[in-house]
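Asks: A structural model of the following input is requested.
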Amino acid sequence: MYAVLQGLNPVRDEQRIYDEFLVAAAATGDRAALQRLVARWQPRLLRHAWRVLDDAELARDMVQESWVEILRGLGGLDDFAAFPAWACRIVSRRCYRVFNRSARQPFEAEEAGLLHEPAIPDHTTAEFASDLETVMAAVRALPPAQRAALALFHLEGMGVAEIAVALDVPPGTVKTRLMHARRKVRAKLEGAGDGQV
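Replies: Next up is the predicted model:
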């Protein structure tokens, strides 16, 4: 209970430790660990690329290309705990290279299977499920840079410094994006609440 009050998430900590183990094992050439690492991080990197590019097909291409660079550099990674931010940074850089050159076409994120929404436990109320959908719709409406920062912070559990590395921007930019994203989501939610009885 104390960990929850302190804002610590024991499950998330266990997941990070497991990721560190997989990175360390994969860096030594353990193929099974490498396969598990790719299986665990492929969806996360796809979601991150989609948030940056807003284009499902291009996101898939950039992540595929990024894995080549990630796998080549894995052995040189000094701090295995830095893998999440480091891998996201590689994806971000690839996405930024093509961002202005690409002809983006709108798509539904749900159809592409890239939008990660928190799982709704079976015992939740319909009101909670409706509220969650309202929040996620507000997040989906954010500009890609703000959506990426907000998702990395709240859904992936990264800190400001990690997000700065992942997005290849200064920490102050991350804070600004988070501030604007939160304001926009709050404004949408307050607007949605005005129409309710």
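
Asks: what's next to stretch 27-35, contact-wise?
Replies: The contact list for stretch 27-35 (Cβ atoms under 8 Å, 6 or more residues apart in numbering) reads 21-22, 25-26, 71, 74-75, 77, 80. Glycine gets a C-beta too; all of them are placed from N, C-alpha and C.

Asks: and stretch 156-172, how far apart are its ends?
Replies: Start-to-end span of stretch 156-172 (Cα to Cα, to the nearest Å) is 19 Å.

Asks: List the contacts of that stretch.
Replies: 9, 12, 16, 44, 48, 52, 82, 84-86, 88-89, 92-93, 96, 145, 148-149, 152-153, 173-175, 178.

Asks: among those, which are in helices?
Replies: Within the contacts of stretch 156-172, membership in helices is found for 12, 16, 44, 48, 52, 84-86, 88-89, 92-93, 96, 145, 148-149, 152-153, 173-175, 178, as judged by DSSP state H.

Asks: List phi and psi for residue 78.
Replies: Backbone dihedrals for residue 78, given as degrees, to the nearest 10, come out at phi -70, psi -40.

Asks: Could I get the full set of helices for this protein?
Replies: 2-5, 10-27, 31-53, 56-73, 83-99, 109-112, 126-140, 144-154, 160-167, 171-194.

Asks: I'd like the distance from the fourth one to the chain centre, please.
Replies: What separates the centre of helix 56-73 from the centre of its chain is 15 Å, taken as Cα atoms, centre = their mean, to the nearest Å.

Asks: Domain map for this protein?
Replies: Domain assignment for the chain by automatic domain parsing gives 1-104, 122-197.

Asks: Mean pLDDT and mean neighbour count for these - can I get that in TSV?
Replies: Shown next, in TSV, are these (pLDDT from 0 to 100; neighbours: other Cβ atoms under 10 Å):
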stretch	mean pLDDT	mean neighbour count
domain 1-104	85	16
domain 122-197	83	15
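
Asks: still on that earlier bit, which of the contacts of stretch 27-35 lies closest to residue 135?
Replies: residue 22 (31.3 Å; Cβ to Cβ).

Asks: gap between that closest one and residue 57?
Replies: From residue 22 over to residue 57 the distance is 28 Å, taken as Cβ to Cβ, to the nearest Å.

Asks: As a markdown table, the contacts of stretch 27-35 with distance to residue 130 would be great.
Replies: Output for the contacts of stretch 27-35, formatted as a markdown table (distance: Cβ to Cβ, whole Å):
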| residue | distance to residue 130 |
| --- | --- |
| 21 | 39 |
| 22 | 37 |
| 25 | 43 |
| 26 | 42 |
| 71 | 42 |
| 74 | 43 |
| 75 | 48 |
| 77 | 43 |
| 80 | 41 |
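
Asks: Appreciated, that's everything.
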